[in-house]
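Trainee: all I have is the shape, not the residue letters:
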């Protein structure tokens with residue numbers, strides 16, 4: 001269901017909405033198009049034929065499944081907009097290290 005912002009604000013105050021004598025839980029949903037090849041927003045891979053692949057983990061120029069450094073996460077869109085707008089926002093994130101815990105210690 002789509003509605004103008006003012007209507008959404010009124011609906012959000014109520015946790016449920018009655019439609020045709022049935023109560024429905026409601027929540028806001030954002031649909032963002034994202035290309036799975038270059039990771040850009042606003043379009044899909046089917047919309048462009050000559051899109052260079054960009055890894056969603058490290059922002060390198062390769063497919064995500066070929067990534068050799070999945071621990072270093074670089075936001076490709078942040079890199080692009082930093083360049084366009086001459087900003088210096090951080091684009092690097094480190095995935096937290098996980099340590100396997102032996103099953104015998106989990107009692």
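Mentor: Arrived safely, thanks for sending. Remember, predicted model here, so these are calculated numbers, not experimental data.
Trainee: tell me the spacing between residue 4 and residue 40.
Mentor: 28 Å (CB to CB, to the nearest Å). (Glycine included, C-beta is placed from N, CA and C.)
Trainee: more neighbours, the two?
Mentor: Neighbour tally, residue 4 and residue 40, criterion other CB atoms under 10 Å: the higher count belongs to residue 40, 18 against 7.
Trainee: my guess is that one contacts residue 34, does it?
Mentor: Yes. Using CB atoms under 8 Å, residue 40 makes contact with residue 34 at a distance of 7.2 Å.
Trainee: identify the contacts common to those two.
Mentor: Between them, residue 40 and residue 34 share no contacting residue under CB atoms under 8 Å, 6 or more residues apart in numbering.
Trainee: so where's the protein uncertain?
Mentor: For the chain, the stretches flagged by pLDDT under 70 are 1, 29, 50, 72, 77-107.
Trainee: ranges for the helices of it?
Mentor: Remark: helices assigned in the chain by DSSP state H are 5-12, 76-85.
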